[in-house]
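> Could you look at this predicted model? Sequence included:
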Amino acid sequence: MLSGIHRYEERWLPALAALRPTPAGAEPVSALRALLADPIRGKGENTRVWLEQDQPMGVVGWVAANVPRNGELYGSPLLAAHRPALDGLIAALLREAAAAGARFVHVAASDNETDKREALLAHGFQPTFHFLTLRAASSSISPRTMPAGWRPIALRDMDWPQLAELFARAFADVPHVPYHSAEALRQDWQEADVEASQVWAAPDGSYQAFLQATADGRVEAVGVEAAHAGQGVAAAMYGAAAGGFLARGVGALEAMVADINVASLALHRKLGFAETARKQIYRRALEQASG
């Protein structure tokens, strides 16, 4: 019988899905499969499972895309049936992070995940900032106009390297946002809602703003070129997305914002978003091997 840490196999997915709170309206197994099979997690390669006598008792995944840029690795999801499984998974995550050359490891935990928070502290993690889940009624976000001459870019016409460069600039100073290569971004946007998601270009063809959303109203990313920040561009994209969602019967939009991202938090509150949940981000620095 297998016990301890093992590479992920899809046959364990139903048992692992039972460990995870699932968003309303989502099918548990499909929701976890989509998360673990995300290209940014190596389509399951960046995932380990804790087994006890062949029974899956926990899972950890990680995103290493930022390691070459700033040394940060993100552990997510981290799900376990009990504390020993948590300890084994966190230890495995730290080993994988060190092997990847990471200097820092980040893991999120909700207030009600007491065992998880205590295990992270025991493994040397320290609390930093919070991620806030914000929600607003689609009907409460008014339509606005985009700057004159700007045009939307269709998915089939997308210049992925240019969008990846804009994405990197937009999130350069935002914590806990994985870097996306052009190909990873392209794959990520295949799961986006085509009607709500937007990329806008100036008259000279340069990309200036984007909003990525899923069909259930979840806004995954919003970015605006620094030269146009504070000019209502993000609000206009939200207005367009909200109008489309409302027409299709999606009654609310949801976004996740770091509490230290003051500008984004102010924008969302101005648009009528209110906090519905929060997660503490825990961080641990890794010792670097000499020589």
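Right, received. Where do you want to start? Residues are numbered from 1 along each chain as shown.

> hey, where'd the helices end up in the stretch 51-200 of the chain?
67-70, 83-99, 114-122, 160-170, 182-189 (DSSP state H, counting those that start in this stretch).

> helices or strands next to the third one in the packing?
Looking back up the chat, that one is helix 114-122. strand 72-80, helix 83-99, strand 104-110, strand 274-285 (3 or more Cβ pairs under 8 Å, 6 or more residues apart in numbering; DSSP states H and E). Any C-beta I mention is one placed from the backbone N, CA and C, and that applies to glycine too.

> Mind listing residues that contact the last one?
Put plainly, it is strand 274-285. Residues outside strand 274-285 that contact it (Cβ atoms under 8 Å, 6 or more residues apart in numbering) are 94, 103-111, 117, 120-121, 123-136, 175-176, 254, 258-259.

> Which one of the helices of the stretch 51-200 of the chain lies nearest to His268?
When these are compared by Cβ to Cβ, helix 160-170 sits nearest His268, at 15.4 Å.

> re earlier: out of the helices of the stretch 51-200 of the chain, which is closest to Ile40?
Per Cβ to Cβ, nearest to Ile40 of the helices of the stretch 51-200 of the chain: helix 182-189, 5.8 Å.

> how many degrees apart are that closest one and helix 160-170 in direction?
90 degrees (axes from the mean of the first three to the mean of the last three Cα atoms, to 10 degrees).

> buried stuff in helix 182-189?
Buried residues in helix 182-189, counted by 16 or more other Cβ atoms under 10 Å: 182, 184-189.

> cool, stretch 191-203 as well?
The neighbour-count check on stretch 191-203 (16+ other Cβ under 10 Å) flags 192-193, 196-202 as buried.

> Pick out whichever of those residues sits closest to Ala213.
Ala196 (4.2 Å).

> quick one: contacts for that closest one?
211, 213, 215, 217, 240-241, 244-245.
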